[in-house]
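Student: How does the following fold in three dimensions:
(2 chains)
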2 protein chains.
Amino acid sequence: MNNKNIFMREAIDLAMENMNTKNGGPFGAVVVKDGKVIGRGVNTVTTHNDPTAHAEVNAIRDACANLKDFQLADCEIYSSCEPCPMCLGAIYWARPAKLYFAATKDDAAAAGFDDSEIYTEISLPKNERKIPTEQLLHKEAEKVFENWIELDDKIEY
Amino acid sequence: MNNKNIFMREAIDLAMENMNTKNGGPFGAVVVKDGKVIGRGVNTVTTHNDPTAHAEVNAIRDACANLKDFQLADCEIYSSCEPCPMCLGAIYWARPAKLYFAATKDDAAAAGFDDSEIYTEISLPKNERKIPTEQLLHKEAEKVFENWIELDDKIEY
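Tutor: Below you'll find the model as predicted:
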């Protein structure tokens, strides 16, 4: 078995173990750099009372803590399932070199998870989404960005 | 000023303060339930080495920790800026009743943030995205979901 499959099997094994130990949903992910696993994550939504604690988010947090960096340059992410929009967004912010996944968002949907529905919602105009959304105080908030643009010594990301 | 504007001004003030203290990007968010703020968040990506530590994600985590729940039923989220796809995904998983935002994703893009680009990427087919994406071991991962569907006493979310 090639290395890619070895890393993916680790992600799948994490998912299976996480489910069997009742630690959370059936999802696992690993982050690899230079041929070594530098971060691991499993779904801990229900045990940590954290709806953002998906496997990929947890793996990214773990890898970034280990690298002491807020970017995953030259890293690969292996996820047991196609990332939901939250996790795909997290992956874009972490900027790894490549993403591997195993199960699809349709598999996740068939198992009762909202991934596929959230993809649909995100692509809708704001006023057509299920969560009602309203804009307030636009001009006051614009000033924050105007100040940011002028700010010296800022760390961009 | 009505209550909605008071809560939004708190989110904007958090964003401004977070930028001025060099704690992170110019973003703030609060979670409100029954007319009270039950969670707050600012962007701590660069100071915590965590690309997922956006204001909304941090506010959701804070509110959920305070509620000891992984859902934000009957809550409202006030964000100083329109959520990026990661944060919007997190909001869908948290399932609040309503979302308020102030600045837009285009304002964020003009200030150097990738929000708007990530919205475009997420809506593309996987093989057209900038981060190369490859599927591996689909059949092995399907088994995890088959077991999940059969699992007794699972906590769904």
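Student: hey, let's count contacts and neighbours off CA atoms from now on
Tutor: OK.
Student: what residues are up against the closest residue to A:Asn127 other than its chain neighbours?
Tutor: With CA to CA, 6 or more residues apart in numbering or on different chains as the criterion, A:Asn127 has its nearest non-adjacent residue at 6.6 Å, and that residue is A:Thr133. Residues near A:Thr133 by CA atoms under 8 Å, 6 or more residues apart in numbering or on different chains: A:Lys126, A:Asn127, B:Lys98, B:Leu99, B:Tyr100, B:Phe101.
Student: Neighbours of A:Ala141, how many?
Tutor: The number of residues packed near A:Ala141 is 27, by other CA atoms under 10 Å in any protein chain shown.
Student: A:Ile118 too?
Tutor: 21.
Student: so what secondary structure elements neighbour the helix or strand containing it?
Tutor: Element membership for A:Ile118 (DSSP states H and E) is helix A:115-122. If contacts are counted by 3 or more CA pairs under 8 Å, 6 or more residues apart in numbering or on different chains; DSSP states H and E, helix A:115-122 sits against helix A:85-94, helix A:105-110, helix B:85-94.
Student: Which of those helices comes out lowest on mean pLDDT?
Tutor: Among the helices and strands packed on helix A:115-122, helix A:105-110 carries the lowest mean pLDDT, at a mean of 92.
Student: Any chance you could list what contacts that one?
Tutor: So helix A:105-110 is contacted by A:Cys81, A:Glu82, A:Pro83, A:Cys84, A:Asp114, A:Asp115, A:Ser116, B:Glu142, B:Phe145 (CA under 8 Å, 6+ apart).
Student: from the residues you listed, which is closest to A:Thr52?
Tutor: For the contacts of helix A:105-110, the closest approach to A:Thr52 (CA to CA) belongs to A:Cys84, at 10.9 Å.
Student: Assess the claim that that closest one and A:Ser116 are in contact.
Tutor: Yes. The criterion here is CA atoms under 8 Å, and A:Cys84 meets it with A:Ser116 at 7.5 Å.
Student: the more surrounded of these two?
Tutor: Between A:Cys84 and A:Ser116, counted using other CA under 10 Å, the more crowded position is A:Cys84 (25 against 17).
Student: Contacts only, for A:Glu76.
Tutor: A:Glu76 makes contacts with A:Val31, A:Val32, A:Lys33, A:Pro96, A:Ala97, A:Lys98, A:Leu99, A:Tyr100, as judged by CA under 8 Å, 6+ apart.
Student: swap the cut-off to 7 Å and go again
Tutor: A:Glu76 is in contact with A:Val31, A:Val32, A:Lys33, A:Pro96, A:Ala97, A:Lys98, A:Leu99, counting by CA atoms under 7 Å, 6 or more residues apart in numbering or on different chains.
Student: now do A:Leu88
Tutor: Neighbouring residues of A:Leu88 by CA under 7 Å, 6+ apart: B:Met86.
Student: now do 10 Å
Tutor: Contacts for A:Leu88 (CA atoms under 10 Å, 6 or more residues apart in numbering or on different chains) come out as A:Glu56, A:Val57, A:Glu82, A:Ala94, A:Leu99, B:Pro85, B:Met86, B:Gly89, B:Ile118, B:Glu121, B:Ile122.
Student: Kindly report the same for A:Ala63.
Tutor: Counted by CA under 10 Å, 6+ apart, A:Ala63 has contacts A:30-33, A:37-41, A:57, A:69-72, A:75, B:49-50.
Student: how much space is there between it and A:Val37?
Tutor: From A:Ala63 across to A:Val37, the span is 9 Å (CA to CA, to the nearest Å).
Student: Check A:Ser116 too.
Tutor: According to CA to CA, A:Ser116 and A:Val37 sit 29 Å apart.
Student: and if you look at A:Glu117?
Tutor: 31 Å.
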